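Colleague: I need the structure of the sequence given here:
(chains A and B)
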Amino acid sequence: MSTMAAARGLLTLAAGQPVDRIPAPHIEYAQLAPTLIVVGAAVLGVLVEAFVPRKSRYYVQVFLAVAALASAFAAVVGLAAGGYGSDKAHIAAMGAVAVDGPALFLQGIILLSAVVAVFTFAERRLDPAAHGNRVDSFAAQAASVPGSESEKAAVKAGFTTTEVFPLALFAVSGMLVFPAANDLLTLFVALEVFSLPLYLLCAVARRQRLMSQEAAVKYFLLGAFSSAFLLFGIALVYGYAGSVSYAAIADVVDGTVTKIDPALADTMGNDAPLLIGGALILMGLLFKVGAVPFHMWTPDVYQGAPTPVTGFMAAATKVAAFGALLRLLYVVLPGLRWDWRPVMWGVAILTMLAGAVIAVTQTDVKRLLAYSSIAHAGFILAGVIATSAEGVKSVLFYLGAYSFVTIGAFAVVTLVRDAGGEATHLSKWAGLGRRSPLTAAVFAVFLLAFAGIPLTSGFAGKFAVFKAAAEGGAGVLVVVGVISSAIAAFFYIRVIVLMFFSEPKADGPTVAVPSPLTMTTIAVGVAVTLVLGVAPQYFLDLAGQASTFVR
Amino acid sequence: MSFPLLTVTAAVPAVGAVLTAAVPAARRTAAKWLALLFSLATLALAVLVAVRFEPGGARYQLTESHAWIADFGVRYELGVDGIGVALIALTALLIPFVIGAGWNDADPLETSSSRWRPTQGFFALILMVEAMVIISFEATDVFLFYIFFEAMLIPMYFLIGGFGDRAHAGSDENAAAQRSYAAVKFLLYNLVGGLIMLAAVIGLYVVAGNFSLQEITAARAAGTLDMATNTERLLFLGFFFAFAVKAPLWPLHTWLPNAMGEATAPVAVLITAVVDKVGTFAMLRFCLGLFPEASKWATPAILVLALISIVYGALVAVGQRDIKRLVAYASISHFGFIIMGIFAMTSQGQSGATLYMVNHGISTAALMLVAGFLISRRGSRLIADYGGVQKVAPVLAGTFLIGGLATLSLPGLAPFVSEFLVLVGTFARYPVIGIIATIGIVLAALYTLVLYQRTMTGPVKAEVSGMHDLRLREVLVVAPLIVLLIGLGVYPKPLTQIVNPAVEHTMSDVHEKDPKPQVAVEAKNGEAAK
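Modeller: Numbers count the residues shown, from 1 in each chain, chains lettered A, B, ... in the order given. Next up is the predicted model:
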């Protein structure tokens, strides 16, 4: 029998059922509340764009976004308090979505980081007012050609792209589903739902619009490419296991499947579709994570996108993608552990070393942070490879620590400005510590956390993943991780040197005084960095309780 | 629960650092006095620690233990043995002098912006370093120690890179670049050392399951915790590498001359007299305590490296033209002696090494601070720029001489006792190495006396002729150090009394007994038997 026959078998089975016997899906709305709230608010946001007068749109959108994210977070907390993270963890929405510890924990992180990221989206005091209107980091009218008359008219009229708020909400809703997805199709849909708005968000910078649009095109093309890989992988795995459900695939993969029909028996004989399909799915996810060799998009996109978007993307995308990666490797493919571990070892080592080494040569703050995020993806992968509850816990903790440092760091980048907008070239940061000691000190705290200096969250996270990796028998990864940390420390320190020990230049940038919005973002970043550095126990416990996947 | 004396001793300078940093820009004199006050309060607490410590009592005293990060097996555990008490006392003692000597070193330039507050930062950083050093002497949890061992790099880095000699400040861009280079070199060397140690710390956790020094040592002694030979050796090397960078041991020493040369004299004292002691202290406490077998395995290699440090450091010091770099290389030679004493594995050697840490701290502080006063007057670090200073500034020259004589271990001054003990202790087990090490003493006499001769004697140079002698503040800084050098040289008993029992414990950690007096022959037989 061939695969054709298997497919026919499935078809005839479906055709044999009378149409009226399709049952109504059973959806646990309460347990999906976090996602539903965010999607609902996003839809409302679109309506706001259509019906609310232009003047008050900004306020309505900001309020709507923050309120939706906050209430979604409250829903996550409520679910976790109700025991859905531990003993009541189960699979909801007809097997499509898991409601369990890792999902809720990561959704919580995504929502919180989205709240502080939205604050930076809403910042309107950094750029000087244009024609008496306060402006934010986004183009007056994304559709008008850069430098054209229509752009000038839009600026003069005081247009703003308030669509960024519903777009961000759509992206968040996709990110919420991504780590919770419990079948491959949901995974793919969630991926597209959060990717497409991000492509758009990357393209709408107010300054350097061409660069921003170029970044968006690159991101879109490479992203579409990786989506195609993912989809092809899904098709192959489906062909192998005869199902897209995680649990069903897992059963087939580790051979515990109870009911083997002839079609399945036939495909199970050949591992090639599984191995190739699994590898393609992994590729799609590693692309989103920004792991080497799928990292090419990161520096360009991080540099070109509006900085608030970069911060949001760097934090939340990574959290969501690592969540999906964890679930795939721990729930679907544990039976293939001996096949994927060597590969992931290689990827982790490459990612850590390449990220750290290439970052050394960077001269732009945003690109520097992009390469640093690649190196950090490598560190997190070391925890993923541990294949233990400790590993999951350490990854969850690291993601929480990392996202707030990242958003905080990019928020500081938005403050340092000269006539051309943000002054992201490193040479312009010389002597910043002399002009604005506080801003430089805050950025130094973030850099030290990135470098993993003790008493910052970066150290606690790094220690957690390395410990998990060492206990999981990956001592080599720890040594490589330590070496790349040392290399990485060099360029973080270089920025600190530049800020504090160089004489300020006469025409150097100024530090804009932000509104309470950005200040809140930065303050939250610093607070989380220090609290997780000094007293991480509570959050480690939390991550520990949340480290069991439901199957 | 009793009064947490050790925590408070470390916390007082930390609080002082925060308060000092918060003093407004215009009130910088208040910041100086505040910092001095807190450093004196710390000294008082350190004296209290020494008084409360009973030399004949339990190994670790004044212990505190609280849960901290249960997930990592980390507890907040403090405790001191005699070695810790001596070094805490040294640290607390030296900081007020460092602050006094650096009183005007960090005043802002007239051109600086009004929001730039270097003075407050300078003194806050010094106090911060003090707090971190003290807590690393107290920590009996490996992880807790590691955290502060690593974290103290950050304030040190800013102290080295941010505050250069007044003589060069502002005008000379080249000096700023060199200073920045020195600070980065310091940081990278120590950070790499620390990160390699981090890998070993994680490895230790995987093997032992917790970080408590006492538990692990006890488990090893009772034989309940086995380490494979290779594992133990690798972990030992991971720890030792970090400490050898910090100490610094040849060939990992190259950051020290840069750092000490570019930093202001008080900061140079802070580096070599205080912060580097954490490295040698940690060798005694952690390398020997956690990995006794591996320590013995590595002893021959380490002794050879220490010997190279002694001779090489002294030789290079002889050839130096820069006063501060000369002191730096002399320190490298002295650290060689300390490490040699530790790994000679005799009680005399280890007592000597501990005394050496304290005495080297005091003598280097005296020499370096006076050298700093000298350099600030003339605005040059080059030996060749001086001559005949003793005729113009006799008090300065006299104190410089005493500091120098202490550095060359003149009998009657404190360093003599410790150097003698180290040599005797080494000779008892490794006669050849002990004999070669004495070359270091001869060379020390050479570089110190030649330094004195070239700068202080001879015809008075024109640029030196108007030189002011030591001012009251400067005398107040130097005089107590000299009194201590003479006092501990004549009567070292208070120190040895505290240190000796601790050394006995360390010796029993490594299962070593002192060789019998007629050693030279017996030690060889013993080795042949192995």
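
Colleague: now the strands for chain A?
Modeller: A:90-92, A:97-99, A:416-418, A:421-422, A:510-511 (DSSP state E).

Colleague: Quick check: which of the ones you listed is nearest to chain B?
Modeller: Smallest distance to chain B across the strands of chain A (Cβ to the nearest Cβ): 11.4 Å, for strand A:510-511. For every residue, glycine as well, the C-beta is placed using N, CA and C.

Colleague: which of the strands of chain A is buried the deepest?
Modeller: strand A:97-99 (a mean of 25; mean count of other Cβ atoms under 10 Å in any protein chain shown).

Colleague: what sits up against that strand?
Modeller: Applying Cβ atoms under 8 Å, 6 or more residues apart in numbering or on different chains, the contact partners of strand A:97-99 are A:28, A:31-32, A:35, A:79, A:84, A:89-92, A:103, A:177, A:180-182, A:186, A:246, A:327, A:549-550.

Colleague: List, one by one, the residues from the stretch 201-350 of chain A near chain B.
Modeller: For the stretch 201-350 of chain A, the contact set with chain B under Cβ under 8 Å from any Cβ of the partner chain is empty.

Colleague: Can you name the residue of the stretch 201-350 of chain A nearest chain B?
Modeller: A:I349 (14.6 Å).

Colleague: The residue lying closest to B:S65 once chain neighbours are set aside: helix or strand, and which one exactly?
Modeller: Leaving aside its sequence neighbours, B:S65 sits nearest to B:E77 (Cβ to Cβ, 6 or more residues apart in numbering or on different chains; 4.8 Å). Using DSSP states H and E, the element containing B:E77 is strand B:74-80.

Colleague: what does that strand rub up against?
Modeller: B:6-7, B:49, B:53, B:60-68, B:88, B:135, B:137-141, B:143-144, B:210-214.

Colleague: ok so, going back, out of the contacts of strand A:97-99, list just those in helices.
Modeller: Among those, the members found in helices (DSSP state H) are A:T35, A:L79, A:A103, A:V177, A:T186, A:Y246, A:R327.

Colleague: Now B:A247: phi and psi?
Modeller: Here is the backbone geometry of B:A247 (degrees, to the nearest 10): phi -60, psi -40.

Colleague: list the contacts for the nearest residue to the residue of the stretch 201-350 of chain A closest to chain B once chain neighbours are set aside?
Modeller: In space, and not counting its chain neighbours, A:I349 is closest to A:V480: 5.1 Å by Cβ to Cβ, 6+ apart. A:V480 sits next to A:A348, A:I349, A:M352, A:L353 when contact means Cβ under 8 Å, 6+ apart.

Colleague: With A:V289 instead?
Modeller: Counting by Cβ under 8 Å, 6+ apart, A:V289 touches A:K318, A:A321, A:F322, A:L325, A:A377, A:I380, A:L381.

Colleague: just the angle between whatever helix or strand B:V98 lives in and strand B:74-80, please?
Modeller: In this structure, B:V98 is located in helix B:82-101 according to DSSP H and E. Between the axes of helix B:82-101 and strand B:74-80, defined by axes from the mean of the first three to the mean of the last three Cα atoms, to 10 degrees, the angle is 90 degrees.

Colleague: With just CA atoms, put helix B:82-101 into PDB.
Modeller: Presented in PDB, the C-alpha positions along helix B:82-101 are these (Å, rounded to 0.1, in the frame of the first residue of the first chain):
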ATOM      1  CA  GLY B  82      41.100  33.400  61.800                       C
ATOM      2  CA  ILE B  83      42.300  34.100  58.300                       C
ATOM      3  CA  GLY B  84      39.000  35.900  57.400                       C
ATOM      4  CA  VAL B  85      39.200  38.000  60.600                       C
ATOM      5  CA  ALA B  86      42.700  39.100  59.800                       C
ATOM      6  CA  LEU B  87      41.800  40.100  56.300                       C
ATOM      7  CA  ILE B  88      38.600  41.800  57.200                       C
ATOM      8  CA  ALA B  89      40.600  43.800  59.800                       C
ATOM      9  CA  LEU B  90      43.100  44.700  57.100                       C
ATOM     10  CA  THR B  91      40.500  45.800  54.700                       C
ATOM     11  CA  ALA B  92      38.600  47.900  57.200                       C
ATOM     12  CA  LEU B  93      41.900  49.300  58.400                       C
ATOM     13  CA  LEU B  94      43.200  50.400  55.000                       C
ATOM     14  CA  ILE B  95      40.000  52.000  53.600                       C
ATOM     15  CA  PRO B  96      40.100  55.100  55.900                       C
ATOM     16  CA  PHE B  97      43.700  55.700  54.800                       C
ATOM     17  CA  VAL B  98      42.700  55.200  51.100                       C
ATOM     18  CA  ILE B  99      39.900  57.700  51.600                       C
ATOM     19  CA  GLY B 100      42.200  60.100  53.400                       C
ATOM     20  CA  ALA B 101      44.900  59.800  50.800                       C
END
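
Colleague: And for the residue in the stretch 301-450 of chain A positioned nearest to chain B, the neighbour number?
Modeller: Going by Cβ to the nearest Cβ, chain B is nearest to A:R434 of the stretch 301-450 of chain A, at 5.4 Å. For A:R434, the neighbour count with other Cβ atoms under 10 Å in any protein chain shown is 20.

Colleague: Surely it and A:F501 touch.
Modeller: No - with contacts defined as Cβ atoms under 8 Å, A:R434 does not count as touching A:F501, sitting 9.4 Å away.

Colleague: How about the residues of chain B by chain A?
Modeller: So far as Cβ under 8 Å from any Cβ goes, chain B lies against chain A at B:67-72, B:112-113, B:115-117, B:146-148, B:150-151, B:153-154, B:157-158, B:161-162, B:173, B:176, B:179-180, B:183-184, B:187-188, B:191-192, B:195-196, B:198-199, B:202-203, B:205-206.

Colleague: From those residues, keep the buried residues only.
Modeller: Neighbour counting with 16 or more other Cβ atoms under 10 Å in any protein chain shown marks B:68-69, B:71-72, B:116-117, B:146-148, B:150-151, B:153-154, B:157-158, B:161-162, B:176, B:179-180, B:183-184, B:187-188, B:191-192, B:195-196, B:198-199, B:202-203, B:205-206 as buried within these.

Colleague: now the residue nearest to B:S65: how far from A:A382?
Modeller: 28 Å (Cβ to Cβ, to the nearest Å).

Colleague: Equivalent analysis for B:T455, please.
Modeller: From B:T455 across to A:A382, the span is 55 Å (Cβ to Cβ).

Colleague: ok, how many other residues are close to the residue of the stretch 251-400 of chain B found nearest chain A?
Modeller: The nearest approach of the stretch 251-400 of chain B to chain A comes at B:E262, 11.3 Å away (Cβ to the nearest Cβ). A count of nearby residues for B:E262, using other Cβ under 10 Å, gives 28.

Colleague: That one - nearest residue in space that isn't next to it in sequence?
Modeller: Leaving aside its chain neighbours, B:E262 sits nearest to B:A182 (3.9 Å; criterion: Cβ to Cβ, 6+ apart).

Colleague: thinking again about what came up before, among the ones in helices among the contacts of strand A:97-99, find me the one that's closest to A:I22.
Modeller: Nearest to A:I22, judged by Cβ to Cβ, of the ones in helices among the contacts of strand A:97-99 is A:T186 at 19.0 Å.
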